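# Would you be able to build a 3D model of this:
(chains A and B, ligands or ions: 1)
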Number of protein chains: 2
Amino acid sequence: MKPDFTLYAVTDRSYLNGRDLVEAVEEAIKAGITVLQLREKNAPGREFYELALRLRELTRVYGIPFIINDRVDIALAVDADGVHVGQEDIPADVARKIIGPGKILGVSASTVEEAIRAEQDGADYLGAGAVFPSPTKPSSEAIGLEGLKKIKNAVKIPVVAIGGITGDNAKEVTATGVDGICCISAVFCGDITENVIALRRTISASKKS
Amino acid sequence: MKPDFTLYAVTDRSYLNGRDLVEAVEEAIKAGITVLQLREKNAPGREFYELALRLRELTRVYGIPFIINDRVDIALAVDADGVHVGQEDIPADVARKIIGPGKILGVSASTVEEAIRAEQDGADYLGAGAVFPSPTKPSSEAIGLEGLKKIKNAVKIPVVAIGGITGDNAKEVTATGVDGICCISAVFCGDITENVIALRRTISASKKS
Ligand code: NI
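Numbers count the residues shown, from 1 in each chain, chains lettered A, B, ... in the order given. Prediction:
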């Protein structure tokens, strides 16, 4: 499976004002996201598993790759298409051993060293960032467009930019040559359909120019 | 593998006053614990994995069954002997599918219904409790010695009592006929060797009487 990473959406229920996550994701898929990652850092295992089951069904119906953050066991349990691990999660090579060769493995990288190591450890793609500061990442952790380009140039696998990406900066991020952008609030905050359509339009325009 | 559940110790670094967990566990094993469960609710995946690797090595040297709490992926990653899931974790039947038939599956149960369901779902043993109230479990959640007996009588698999068990009440808990007692602070708070030796003495005395 070679995913189209153009617009990679990551869930966060805190942006939904109580709206059902599965409904919100369905709206985002219909509007044009190309990959879905379920990330629920604070959900107990059972709740995470049950959400994952519902999103697995939905993403299968729409033919969208479904990635689980961190919990390799839950990815196996629901037969997700892949798993995404950060530098604080299970090591990438260990995750690869558990999921086997057929699943997608994504790894977060904020430096060229981490990026090269992840590629060697069997990553199928990188989540590179945080590109910009955000409420959860101080500016000291942001790698900027220059850091992003360095990572993109250092590896052969696809690179998805993550961290503080919005409709306003998506154009310059895409212009770095990355394979996709990863959005959380830029997709799920507010009008999801409008958000996704605007992001896709910006990305296409940037790729053509 | 048929574990001896007599004295089942569960880790909690918060009781160690900064002492190295692996050292503390080695002392507990030498003094006579019979099963070790690694439980680290708030550790990031990588840290949990690295602790699990070290404890896997140690428990293998001493021939003690090594169980991982909740994280089925980490149990697989370090080749633990088994995994323990609570009612809020991945469902027991799903955990069984992921770990396969050869690994030990433990399930927490606080009612006869949960106990029977867990047995049907493939549990190899139950952690029944909380028997007594404790700082983390209010008295409304405690099942008492009567609740414990009911669970023990409802299933064929071994039952390990958990929750508020100390040197002072270990005798009456063992006298219910359970297959073992599960201790956290009663093992790891204070002098570990003394704690374990006293607990083992109490358990043996209770089994004989
Ligand atoms: Ni967890």
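# Just the C-alphas of the helix or strand that contains A:Glu47, formatted as PDB.
A:Glu47 belongs to helix A:45-62 when assigned by DSSP states H and E. Provided in PDB are the C-alpha atoms of helix A:45-62 (Å, rounded to 0.1, in the frame of the first residue of the first chain):
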ATOM      1  CA  GLY A  45      -6.900   1.200  26.200                       C
ATOM      2  CA  ARG A  46     -10.500  -0.100  26.000                       C
ATOM      3  CA  GLU A  47     -11.800   3.300  24.900                       C
ATOM      4  CA  PHE A  48      -9.000   3.700  22.400                       C
ATOM      5  CA  TYR A  49      -9.600   0.200  21.000                       C
ATOM      6  CA  GLU A  50     -13.400   0.900  20.600                       C
ATOM      7  CA  LEU A  51     -12.700   4.200  18.800                       C
ATOM      8  CA  ALA A  52     -10.200   2.500  16.600                       C
ATOM      9  CA  LEU A  53     -12.600  -0.300  15.700                       C
ATOM     10  CA  ARG A  54     -15.200   2.300  14.500                       C
ATOM     11  CA  LEU A  55     -12.600   4.300  12.500                       C
ATOM     12  CA  ARG A  56     -11.200   1.100  11.000                       C
ATOM     13  CA  GLU A  57     -14.600   0.300   9.600                       C
ATOM     14  CA  LEU A  58     -15.200   3.900   8.300                       C
ATOM     15  CA  THR A  59     -11.800   4.200   6.700                       C
ATOM     16  CA  ARG A  60     -12.200   0.800   5.100                       C
ATOM     17  CA  VAL A  61     -15.500   1.900   3.500                       C
ATOM     18  CA  TYR A  62     -13.800   5.000   2.100                       C
END
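# could you check whether it is close to chain B?
Yes - using C-beta under 8 Å from any C-beta of the partner chain, helix A:45-62 reaches chain B at A:Gly45, A:Arg46, A:Glu47, A:Tyr49. Placement of C-beta: from N, CA and C, glycine included.
# Filter these down to just the buried residues.
Neighbour-count burial (16 or more other C-beta atoms under 10 Å in any protein chain shown) applied to the residues of helix A:45-62 next to chain B gives A:Gly45, A:Arg46, A:Tyr49.
# list the contacts for the second one?
With contacts defined as C-beta atoms under 8 Å, 6 or more residues apart in numbering or on different chains, the neighbours of A:Arg46 are B:Gln87, B:Glu88, B:Asp89, B:Ile90, B:Pro91.
# interface residues of chain A facing chain B?
Residues of chain A lying close to chain B (C-beta under 8 Å from any C-beta) are A:44-47, A:49, A:70-74, A:76-77, A:85, A:87-91, A:94-95, A:97-98.
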